[in-house]
Structures are given as C-alpha cells and as structure tokens.
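my questions concern the predicted model and sequence given below.
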Amino acid sequence: MFETPEEITAAGEVGRLPSGPSGLGTSAARVADAIRPGATPPPAGDSGGCLRVRVPYRPQAVRMGGPISPGYAERQWGDGSYSPLYLPMTARIDDDLARAVDDRLVAWAERVGIYADRLEAFHATGFGRLATLAHPDTDDVDLLLLGAQVNAAWWASDDYYADESDLGASPTKLPPRLALVMSAMDAPPPAGKYTAQLDEALRADPVLVALNSATAHLRRHATPSQVMRICNTTSQMYVSWTAYAAWRHLKELPPVWRYLAARQHDSFYTSMTLIDIVGGYQLDANLFYEPRVHRAVMQAGTAAVIVNDLHSVEKEAADDLPDCNVVLLIAEEEGCSLQEAIETAVSMHNDFVRGFEASQRELAGLPSAELQRFLHGAQAWMAGGFEWHSSTDRYK
Ligand SMILES: CC(C)=CCC/C(C)=C(\C)COP(=O)(O)OP(=O)(O)O
C-alpha cells in the first residue's frame, strides 16, 4: 500500500508522580481489580490546602524544566481584560527544543507538500513548539516531531477541507475527503485494480500524503492498539466536522448545546490520545477507555478546545462562511455582547478544568504508574495548549 517517507493550587498528591512501583505490568492485577465493573476506587490522596496566587500571562524564553505541571493557577490571557482562565501551570518552555522540532517539521511539510505556498507562516504557527509545550515529559526530538506531525496533519485536513475557503475548503466536498483520510491513515485491504486508483488519489493530495506519512511515523513508535486508538479517535472527530459542514452549507446556526456536544467529540482529546506515545510508554487500552479515565481526558480535551475557541473568535468570524465557535454561538443565542459571551465561555472552561481536577483526584488511588503519568500528561497538555494559543501567530 502507498506510504511516503493566577492562582497556584498546591495540589497535594495530584501534583506529583506516583511513588509506588512503576513499569508495565507491575500492578496489573490490582489495576484489573480496581477497574472491574462495580469496583469502588481506593481513597484518593489528600489534595486540599490550596495556596492561591494570581499569575499574569508572561511568556518566558528560558527553560522552565520539569516534566510535571507544578499545579493549577488563575491565568490572565488575551489583553488581560477578561476573567482569568483556571489552568495548570506550564511545565516546560524550551525555545531551543521547540526550534529543533519546528525546523524538522517544516522540512517534513515541504517534503509532503502541505502549506506549500505559505511555509513561512506554517513555521511561525509553531506546531513543533506546541508539541514541546504539551508533552513536557520527553526531550526526544523524534517523538516530539511525531506529535507535531500528527497534529499538523490533522490541522491541514481542518484548514484545507473544513475551514479555510481560500485553501479550497468546501462543506459539500468535506465528507468524501474525510473518508479518504481514513484510507490514508488505515489502508484498506487490497481490492484489485481499485487499489491502484486509491493509491493514486492518496498520492495526489498533500493533506493525504501528510496524514499517511505521519501515521507511518506513528506506527514506528506505537503499539497496534495505540495506532488504532488514534485512527478511531480521528474518525470520531470527523463525525463532528460533517455536522459543522452541514450547518455551514445550510447557513444554519446550531444551538449552543448541540455545538458543544459536537465539539466535545472534536476537541484536543484527539491530540491527547498521543500523550503516552510521545512519552514513550503505553497506557493499556482498558485503562485508557475505563469510563472515569475517559471522562477525565474528555474534560481536559474540552477545556483545551474552549481555549481554542476563545483565541480564534476573530479569525473564525472573518471567513466568508464563518465557522462554528462557542463564543459566537453564545452571543447569537443569548443576544448578548461578545464580551459577555466570552465570560460565559471562560466560566464553562473553568468548570471543565475543575471537573478534570476532581476526576484526577478520584483516580489518584488507582495503582497504575502509566495512568497517573497519563493524567499528568493531560494536565500538562492543557497548560501547554494555553501557552501555545497565547503566543502562536495562527490567531493573530
Ligand atoms: C486539528 C486538531 C489538532 C484537532 C484537535 C482539536 C481541533 C478539533 C481543532 C483545534 C480544530 O478546531 P478549529 O477548527 O476551531 O481550530 P482552529 O481555530 O482553526 O485552529
């Protein structure tokens, strides 16, 4: 088949890596017991005693170190005129590492052909920087590059197929294009002469070449269940994209509840499915999909994507066919100002982060080093995603 080359919360137990036994399988029996139907989780560690300190948004050019987010804070954002976002603190800002990943990412983008006439802008977007901010538990450039490539390829499908009219995005062409993406990521079994035609189509579109190449890189680092986790989450996300396309095509605005339900399956949860792969370990599928774990990662992913909607209001309102955006939809539905709608979205975001924190506390007693590391990874992702949205050129 075709393949190309603030208020800081001293979070008690939640803020630290587990001190118990670690390594794959060390506590498999205890974990299996703890997640079996009807089991009650062991008591979580004490996470009380919050220390609260307001922290302004202040990008720093220095390495902050640490693989673990040091706790939660109320963080200023934008021009500072809105209520703060309650978020984890960023664990690591390492501009040298980010540059190394971004340089390799741009060389890859050039090879596969995405953003061909706008590589400088693509470079300034800094998907490599996003990977280094969101995955502070590794310094491995190749693994960070993998995270950056998969995200950049998803974003290319978003820009070229779903959102950017000037890049050829079209609501009616979107569903068949997304169906081809799944063939680029997960080659169907040979179908005689039709396979050659499929391969030709996959080679003809840079977005598909990028997704195919990123997935090939993924297969070199991930287990089969991790690879299929990525593929299945991608197609789950694309169901929501087809809903947005229908609304755009019909020039209908969905009610907020309906958009939010779609957005919850089209969130940075998708990006978070890379956390253990980029970290160089595996969270077992039965733990990843354990309902309380699933809910926690969905809470983190939804919070992180509301940060995206907050930062992209202007960009999304400006397209000939405006995108769905939670702020714009709240303003329309409530008949309120954008400022008021932003405050509502901030408060919704903060509730999701607090919900994640509560889930993390509830899960803190589960004796799996991989699970605890993954939850810290989701915490770090929210912080890194915020840092990136605050500084990338993409939303300027
Ligand atoms: C594309 C990708 C990494 C998927 C996960 C999160 C997600 C669905 C997006 C960031 C796409 O949402 P949106 O189209 O609002 O993003 P932009 O504002 O265009 O960056």
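Yep, that arrived.

which residues of the stretch 201-350 of the chain lie near the ligand?
The stretch 201-350 of the chain comes close to the ligand at residues Met237, Asp266, Ser267, Phe268, Thr270, Ser271, Val305, Asn308, Ser312, as judged by C-beta under 6 Å from any ligand atom. Where C-beta positions appear, they are placed from N, C-alpha and C, glycine not excepted.

make it 5 Å
Asp266, Phe268, Thr270, Asn308, Ser312 (C-beta under 5 Å from any ligand atom).

where does the protein have low pLDDT?
1-66, 319-322 (pLDDT under 70).

try it again at 90.
1-70, 165, 314-324, 396 (pLDDT under 90).

which residue ranges form the helices in the stretch 51-200 of the chain?
95-112, 119-125, 127-134, 141-157, 174-185, 193-204 (DSSP state H, counting those that start in this stretch).

once you drop chain neighbours, what's closest to Tyr244?
Nearest residue to Tyr244, sequence neighbours excluded (C-beta to C-beta, 6 or more residues apart in numbering): Cys324, at 5.2 Å.

quick one: what helix or strand has that neighbour in it?
Under DSSP states H and E, no helix or strand contains Cys324.

what about it, neighbour count?
For Cys324, the neighbour count with other C-beta atoms under 10 Å is 23.

go on, Val346?
20.

which is the next helix or strand following the host helix or strand of it?
With elements taken from DSSP H and E, the one containing Val346 is helix 338-363. Per DSSP H and E, the first helix or strand lying C-terminal to helix 338-363 is helix 369-391.

now for that following helix, which elements pack on it?
Helices and strands touching helix 369-391, by 3 or more C-beta pairs under 8 Å, 6 or more residues apart in numbering; DSSP states H and E, are strand 85-88, helix 127-134, helix 269-272, helix 275-279, helix 285-288, helix 291-311, helix 338-363.

buried residues of that helix, list them for me.
Neighbour counts over helix 369-391 (16 or more other C-beta atoms under 10 Å) mark 369-391 as buried.

if I look at Lys173, how far off is Thr242?
Plainly put, Lys173 is 11 Å away from Thr242 if you go by C-beta to C-beta, to the nearest Å.

who has more neighbours out of these two?
With neighbours defined as other C-beta under 10 Å, Lys173 and Thr242 compare such that Thr242 has more, 16 against 13.

residues contacting that one?
By C-beta atoms under 8 Å, 6 or more residues apart in numbering, Thr242 lies in contact with Leu174, Pro175, Leu178.

secondary structure class for it?
In three-state terms, and counting by DSSP: H, G, I helix; E, B strand; the rest coil, Thr242 is helix.

that one and the ligand, how far apart?
For Thr242, the distance to the ligand equals 13 Å [C-beta to the nearest ligand atom, to the nearest Å].

same thing with His376?
20 Å.

apart from its chain neighbours, what residue comes closest to that residue?
Nearest residue to His376, sequence neighbours excluded (C-beta to C-beta, 6+ apart): Ile68, at 5.5 Å.

and Glu332, how close does it get to Val101?
From Glu332 to Val101 the distance is 39 Å (C-beta to C-beta).

neighbour count for the two, which is higher?
Taking neighbours as other C-beta under 10 Å, Glu332 and Val101 compare with Val101 leading, 26 against 13.

now do the contacts for that one.
Listed by C-beta under 8 Å, 6+ apart, the contact set of Val101 reads Gly128, Arg129, Ala131, Thr132, Val141, Leu144, Leu145, Ala148.

likewise for Val326?
Contacts of Val326 by C-beta under 8 Å, 6+ apart are Val256, Tyr259, Leu260, Arg263, Ile306, Asp309, Ala345, Met348.
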